[in-house]
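Generate coordinates for the sequence data below:
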Amino acid sequence: MSDVIFVKGCTDIDQLTQLATPSLNHSNDRMAFFYNPPGDSQIYHITCELSNETVDPLSDHTFYYNIDDNSFYQLTCRLISHSLIVQFLNNKIYGTELKQVEEPQDYLTFSKFQRDNLEFHLKGFFLNRLTQTQINKSSNMTTTAQDIHPFHPTTFFYRPPNEFYHYYINCKETCYDTVTYLLNKSLKENNVQSNENEFIFYYKQQHDARLYQVSCEIVSPLLINNCLNKNFLGFEFQNSEQEHLVFTINQKENLEYYLKQYLSLHLLNQY
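Okay, here's the model as predicted:
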């Protein structure tokens, strides 16, 4: 029997918005939030409530946890598509709706390690943070649709099709004299940034031959988790975990390859 199963997950913005509606979270004995456990790049939508006999049919994973003899909780977990997170971040922060070039996902993979890891850390999280307070209702923030810009913005979030990390991208127009100067000083040596979380490459826009310096930073999964909780549910958790995000050589090559393909389909907007 395979350790990996396929689950429906949450794969479109309407589903994600529905998860955060007041009708789902407006209860004194029910709480919903987004969670990213250590050791896993996946982000989950979690609903915890006093146990009942009804199991949400849309749940990807449901388990039970008792704090004491009088408090027995049902925890419902749904996986959130990484492409959906990128779509949400670009829409919420930059007001743009950028569709990923990859095919929409019908199902998400969910391994036994992920299930066990999620339960282990979520029980600890629940015990440490939620047992001292009553589960209160969460506020919901409605996402307002924005007009789609005719050009692509120069700052945006992006995720390559074949990996889990999300990146903050900043494209700055530069001149050929700058590139020549860098080449004369040996671009490889100059491109060893003191910030291990940053990667820089250069991209020529074919439409108008403009040259751009493309700066890429790994976005912390914990930061994304806090952003989802704050913008959808109106609250945020303070994380005590420390993250050390470092680019690998393969990660740089993969990101540059897919990002150049993506940029070639758009026209960067400098205004």
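
contacts, neighbours, all on C-alpha from now
OK.

By mean pLDDT, point me to the weakest helix or strand of the chain.
Lowest on mean pLDDT, DSSP states H and E among the helices and strands of the chain sits helix 187-190, with a mean of 50.

Grab the nearest non-local neighbour of Lys112.
Asp3 (5.2 Å; CA to CA, 6 or more residues apart in numbering).

ok, that neighbour touching Ser111?
Yes. Counting by CA atoms under 8 Å, Ser111 is a contact partner of Asp3 at 5.5 Å.

Show me where the chain has its helices.
Listed in chain order, the helices of the chain (DSSP state H) span 13-19, 22-25, 82-94, 112-130, 176-184, 187-190, 221-228, 249-264.

right, and these - which one's nearest Asn162?
The closest of these to Asn162 is helix 249-264. By CA to CA, the value is 8.7 Å.

any weak-confidence spans in the stretch 151-271 of the chain?
Within the stretch 151-271 of the chain, the segments meeting pLDDT under 70 span 178-194, 239-241, 269-271.

One more pass at 90, please.
Counting by pLDDT under 90, the stretch 151-271 of the chain has low-confidence residues at 151-153, 161-164, 174-197, 204-211, 221-244, 261, 264-271.

follow-up on the earlier one: list the contacts of the residue nearest to Lys112.
111-113 (CA atoms under 8 Å, 6 or more residues apart in numbering).

Neighbour count for the residues you listed - can I get that in a markdown table?
Shown next, in a markdown table, are the contacts of Asp3 (neighbours: other CA atoms under 10 Å):
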| residue | neighbour count |
| --- | --- |
| Ser111 | 14 |
| Lys112 | 12 |
| Phe113 | 13 |
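
returning to that earlier point: in CSV: the helices of the chain, plus distance to Phe33.
Shown next, in CSV, are the helices of the chain (distance: least, CA to CA, whole Å):
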stretch, distance to Phe33
helix 13-19, 9
helix 22-25, 9
helix 82-94, 15
helix 112-130, 11
helix 176-184, 46
helix 187-190, 43
helix 221-228, 8
helix 249-264, 30
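
out of the ones you listed, which comes closest to Asp208?
helix 249-264 (11.7 Å).

How much space separates the residue nearest to the spatial centre of the chain from Tyr203?
Taking CA atoms, centre = their mean, the centroid of the chain lies closest to Ile85, which sits 4.4 Å from it. Distance of Ile85 to Tyr203, computed by CA to CA, to the nearest Å: 26 Å.

And for Pro37?
36 Å.

Repeat that for Asp106.
Using CA to CA, one obtains 33 Å as the distance from Asp106 to Tyr203.

One more: Thr248?
In this view, Thr248 and Tyr203 are 20 Å apart by CA to CA.

Same drill for the two, tell me which one is more crowded.
A count of neighbours by other CA atoms under 10 Å puts Tyr203 above the other of Thr248 and Tyr203, at 20 against 12.

check contacts around the more buried one.
Contact partners of Tyr203, counting by CA under 8 Å, 6+ apart, are 211-214, 260.

let's go with 6 Å and repeat that
If you count contacts by CA atoms under 6 Å, 6 or more residues apart in numbering, Tyr203 has them with 211-212.

Okay, it and Tyr257: tell me how far apart.
Noted for Tyr203: a distance of 11 Å to Tyr257, by CA to CA.

now do Leu228
Using CA to CA, we find Leu228 at a distance of 29 Å from Tyr257.

of these two, who's got more company?
Ranked by neighbour count (other CA under 10 Å), Leu228 and Tyr257 place Leu228 first, with 23 against 12.

Look up the closest residue to the more buried one, ignoring the ones flanking it.
In this structure, Leu228 finds its nearest non-sequential neighbour in Phe34, 6.5 Å apart by CA to CA, 6+ apart.
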